[in-house]
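In: Build me a structure from this.
(chains A, B, C and D)
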Protein chains: 4
Amino acid sequence: MKFSVSGALSYEVRSAATFILNIHALRTPAQAVLEETFSVDPYCKSEELSSYGENRYVRFEVTKPAYLNINYHAVIDTSFKQTAGDLLTDIPVIQLDTKVLPYFFPSRYCQSDKLFRFAHNKFGKITNAFEKVMALTDWIHDNVEYLSGSTTSQTSAYDTVTEQAGVCRDFAHLGIALCRALDIPARYFTGYAYQLNPPDFHACFEAFIGHDWVIFDATKLVPLNGLVKIATGRDAADAAIATIFGDVNCTFISASCQLADTSFEPFYYDSNNPYGLTYL
Amino acid sequence: MKFSVSGALSYEVRSAATFILNIHALRTPAQAVLEETFSVDPYCKSEELSSYGENRYVRFEVTKPAYLNINYHAVIDTSFKQTAGDLLTDIPVIQLDTKVLPYFFPSRYCQSDKLFRFAHNKFGKITNAFEKVMALTDWIHDNVEYLSGSTTSQTSAYDTVTEQAGVCRDFAHLGIALCRALDIPARYFTGYAYQLNPPDFHACFEAFIGHDWVIFDATKLVPLNGLVKIATGRDAADAAIATIFGDVNCTFISASCQLADTSFEPFYYDSNNPYGLTYL
Amino acid sequence: MKFSVSGALSYEVRSAATFILNIHALRTPAQAVLEETFSVDPYCKSEELSSYGENRYVRFEVTKPAYLNINYHAVIDTSFKQTAGDLLTDIPVIQLDTKVLPYFFPSRYCQSDKLFRFAHNKFGKITNAFEKVMALTDWIHDNVEYLSGSTTSQTSAYDTVTEQAGVCRDFAHLGIALCRALDIPARYFTGYAYQLNPPDFHACFEAFIGHDWVIFDATKLVPLNGLVKIATGRDAADAAIATIFGDVNCTFISASCQLADTSFEPFYYDSNNPYGLTYL
Amino acid sequence: MKFSVSGALSYEVRSAATFILNIHALRTPAQAVLEETFSVDPYCKSEELSSYGENRYVRFEVTKPAYLNINYHAVIDTSFKQTAGDLLTDIPVIQLDTKVLPYFFPSRYCQSDKLFRFAHNKFGKITNAFEKVMALTDWIHDNVEYLSGSTTSQTSAYDTVTEQAGVCRDFAHLGIALCRALDIPARYFTGYAYQLNPPDFHACFEAFIGHDWVIFDATKLVPLNGLVKIATGRDAADAAIATIFGDVNCTFISASCQLADTSFEPFYYDSNNPYGLTYL
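Out: Numbers count the residues shown, from 1 in each chain, chains lettered A, B, ... in the order given. I've put the predicted structure just below:
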């Protein structure tokens, strides 16, 4: 599936500052970057950091005050793997690839250690892992209100489970925390999302079941097959759109994702016909 | 410097369970493992997980209820690098090795994002990075009471900065959070510690300054040159002595570190003669 | 109904200290104190503070280090009002007695302002106030595990709603917070409780519905008609058994409640035959 | 001293709603209300609730959707007591008027129980109570940044002590929490404030020392002798400008305080000439 994606960020830079951006679409065996342009205006020499994990961080320095405009545009060809729900089982810890271990542990915004009883009381009796994560995703969707401006950058899963309002980031954090509380590795996923309305960067999460990272989105705002992956991480602390060192004020942010193909059949999970999607 | 270290753990295992232990001394260019024995009684086949980071996780499965005794013993030859304090400066973010980036971000027990103003108000004016971290280490030591049993596994730096009581783990978390709030990468360090009284596993932290991970210990309970490194991580979530999946109760835990050399000159940081130590 | 109640407290007093105890059974039109003895050994002159609210605080000073033994014993004749559930409706705020207003507001351990959406999502559709409070009491009972030692004096309703473990105090705080989040005034109730096993001081809560303070106990550990009221307050901060100023360590605490009558028919709420109980 | 004070509030009332306002200047022996007008437009019959404490709550009901404008205007003659700092000592708990007891206890926004060590480490050695509260007021002023919009209605003293930013309400809560942690009763104070820029409702706090409620203001934004008292309470939960039951959106809020006298000599605390002020 081909998508044309764009991201635009503007900043008022008040002092020398260093930026680490994470808005480039990932290059993976299943996600080809067909075209790509990235610009910083006024021009700054930027460097892509490839050595840390797989995310495509871009780093650059602004040496004096400026009004900065950043633009990213790419055409992406994505594909994904579809797996029948009954194959998406828990992997015994003893068999887990050690790369997955960090995604068991609690993190800044996903305090799974505090949600243990809640998660087990609510979802502990479901045996199939895919059904279990679908059930917790449904619970989040049914109980948490999507409400712009209701949360801040400090809001965590522990808040959201009780306060029951938030944005995509909060829905994702709660999904991750509940998975980890149930001994299912889970991680944060950021991307461009087709049919997201209003258009924006999107966040959802992946759970490691059936030997793959299967995508889930508790907001249910977009079809699961219309995502272009930017990054994964333990939570939003790892996969922020922008990490900035210096006195800088964000004045504008936008993202879009257009179909660059002839047809698109939206895909959502359906408990009557359970198939999980993996962006490899 | 040679040390003879031991760790012993006992568990009442009530159901099938999987253990991931992290009590083996690291093998590094500067830390040689001269002798090593590890046993689980009753016997379980264990596997050392080497692919995730550098920590030596050991994983094994207990298939039925048992009283489990785990023993580790090793003779270790450690060395470290000593660097003059004036060389231990902040590394500009633009020059940082990307492996260090994750240690900038807030984590489960180190909510540096919430300590930004506190850290800058208190330590922001100190220009040399080593002096800055020494100052915050001194502040923790002078203001936080070392008090066994005053905290739990959920206690975080955000609690400790106000409640001002804790154990080595809490002192380390607060040190890490304050460093990160000051844009200094920092990580959790667990190890065996010579002259720790009463003997136990120890935790302290490392700050990335002057291109090296320099060791700091806000408890000031042990000489900085008497440590044997077990693990590093973002915080205690990454570097737990034991991560256990199953219905298991810990009944005993002990650790010791004896000198296996003829002489030992204890080394503590001294602001009049500032040298930092790095366990490479 | 007559009960014979006792409370015993022992303290190691390490410095001069002032005690404010709140273990005396209330004297109300519906609760007569037939006999009563109170002693502090070694002897301290104590004063009953009657001017603040209706609770019977007793205050005394210990001027030097001592091992202190406090004993209270009383024979109490209680009665209560029974009201049919359909009469126990919400009172419109415009008609409420102003004495009830403070019990609308969030307090230290009952952060009703943070539970608004949770409470409305779960219980908002129930129209009858008595049924609403019964439903939330049932929810607490079914979801929160009664587990001695799982919480501390800092644990609040906001913790308990997610961590789902606690003791009677935590059950009461959560009940109060949920009522207030639903615009039902609620307050903390401490007392002696017949058939509590093991015997101890007990805490539950009252909701203001149908013009009366109706008793609820989410622990369901004791019959609702076997309570002897000690105090009410906004939460445990107001109605602590003991508030102590000085360096003092509690070494022993016990309470008991025996039937001093010939017969006792235990009474629990029953949704098929809904009657609410009020201790006037 | 005479002041002319005004308060104006506008609401979009979307459903039937009940309002409890607390914007009337108190009538006390030392604060005379010379003129007073209060209006709700469209007209609603309102009732002043006098039975709960001394605050002048006004309650009214809006029975259908409306755009509501509320105006309060009054001319007030205030006076206060001035006491030399060396007379403003701690009152031993054993001698305290029992009405003061509730102001020892932690409350929703003033978790003094969690600030015990912090307060004692920082201010515990100061013996005179007035100097102690001046010192903690200075500490708040020097360490917490006054920053509009940095906090929400959920922000508490436990947040502010670490996050170190807030508005007058947050400064007051932290002052109260620190006093209580030091065994000094303290309460929230709302009022109209002369020379507050920009004009608004103001909040500060009172500490009970030397047998009187002495006023303190950690914001240091206004002279201490230019206040007109509206209410006191345990914290902002008790003394909110408006408590509203129903679906209502606040669209406008303003307050002002003008001098209605010929001269005014601003008074601030001065450690070289220590005098405390009490609004009786």
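
In: Contacts for stretch A:120-135, please.
Out: For stretch A:120-135, the surrounding residues in contact (Cβ atoms under 8 Å, 6 or more residues apart in numbering or on different chains) are A:85-86, A:88-90, A:136, A:139, A:175, A:178-179, A:181-182, A:184, A:207, A:209-210, A:214, A:216, A:269, A:271, A:274, A:276, C:143, C:164. Any C-beta I mention is one placed from the backbone N, CA and C, and that applies to glycine too.

In: again, only using 7 Å
Out: Stretch A:120-135 is contacted from outside by A:85-86, A:88-90, A:136, A:139, A:179, A:182, A:184, A:207, A:209, A:216, A:269, A:271, A:274, A:276, C:143, C:164, using Cβ atoms under 7 Å, 6 or more residues apart in numbering or on different chains.

In: secondary structure element for the residue nearest to A:Leu227 when sequence neighbours are not counted?
Out: Among residues not flanking A:Leu227 along the chain, A:Gly191 sits closest, at 4.6 Å (Cβ to Cβ, 6 or more residues apart in numbering or on different chains). Secondary-structure assignment from DSSP states H and E places A:Gly191 in strand A:186-193.

In: Which elements pack onto the helix or strand that that strand is followed by?
Out: Tracing the chain C-terminally past strand A:186-193 and defining elements by DSSP H and E, one meets strand A:201-209 next. Here strand A:201-209 touches helix A:129-143, helix A:168-181, strand A:186-193, strand A:212-216, going by 3 or more Cβ pairs under 7 Å, 6 or more residues apart in numbering or on different chains; DSSP states H and E.

In: let's see it at 10 Å
Out: Applying 3 or more Cβ pairs under 10 Å, 6 or more residues apart in numbering or on different chains; DSSP states H and E, one finds that strand A:201-209 makes contact with helix A:129-143, helix A:168-181, strand A:186-193, strand A:212-216, strand A:227-233, strand A:248-259, strand A:275-278.

In: Can you give the distance of the last one from its chain's centre?
Out: Just to be clear, that refers to strand A:275-278. Chain-centre distance of strand A:275-278: 16 Å, with Cα atoms, centre = their mean, to the nearest Å.

In: follow-up on the earlier one: nearest to D:Ser4, out of the helices and strands packed on strand A:201-209?
Out: Nearest of those to D:Ser4, taken as Cβ to Cβ: strand A:248-259 at 39.8 Å.

In: Turn the helices and strands packed on strand A:201-209 into a markdown table, columns for distance to B:Ile23 and mean neighbour count.
Out: Shown next, in a markdown table, are these (distance: least, Cβ to Cβ, whole Å; neighbours: other Cβ atoms under 10 Å in any protein chain shown):
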| stretch | distance to B:Ile23 | mean neighbour count |
| --- | --- | --- |
| helix A:129-143 | 30 | 20 |
| helix A:168-181 | 23 | 28 |
| strand A:186-193 | 27 | 28 |
| strand A:212-216 | 30 | 24 |
| strand A:227-233 | 28 | 24 |
| strand A:248-259 | 44 | 16 |
| strand A:275-278 | 35 | 20 |
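
In: would you turn those into CSV with distance to D:Leu101?
Out: Below are these laid out as CSV (distance: least, Cβ to Cβ, whole Å):
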stretch, distance to D:Leu101
helix A:129-143, 40
helix A:168-181, 41
strand A:186-193, 49
strand A:212-216, 52
strand A:227-233, 51
strand A:248-259, 48
strand A:275-278, 60
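
In: Now tabulate those in JSON lines and tack on mean pLDDT.
Out: Shown next, in JSON lines, are the helices and strands packed on strand A:201-209 (pLDDT from 0 to 100):
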{"stretch": "helix A:129-143", "mean pLDDT": "97"}
{"stretch": "helix A:168-181", "mean pLDDT": "98"}
{"stretch": "strand A:186-193", "mean pLDDT": "98"}
{"stretch": "strand A:212-216", "mean pLDDT": "97"}
{"stretch": "strand A:227-233", "mean pLDDT": "96"}
{"stretch": "strand A:248-259", "mean pLDDT": "97"}
{"stretch": "strand A:275-278", "mean pLDDT": "96"}
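
In: Of those, give the one that comes closest to C:Leu280.
Out: helix A:129-143 (38.9 Å).

In: immediately after that closest one, which helix or strand?
Out: strand A:145-146.

In: Which element, helix or strand, includes A:Glu265?
Out: Counting by DSSP H and E, A:Glu265 is part of no helix or strand.

In: Enumerate every residue touching it.
Out: A:1, A:223, A:225 (Cβ atoms under 10 Å, 6 or more residues apart in numbering or on different chains).
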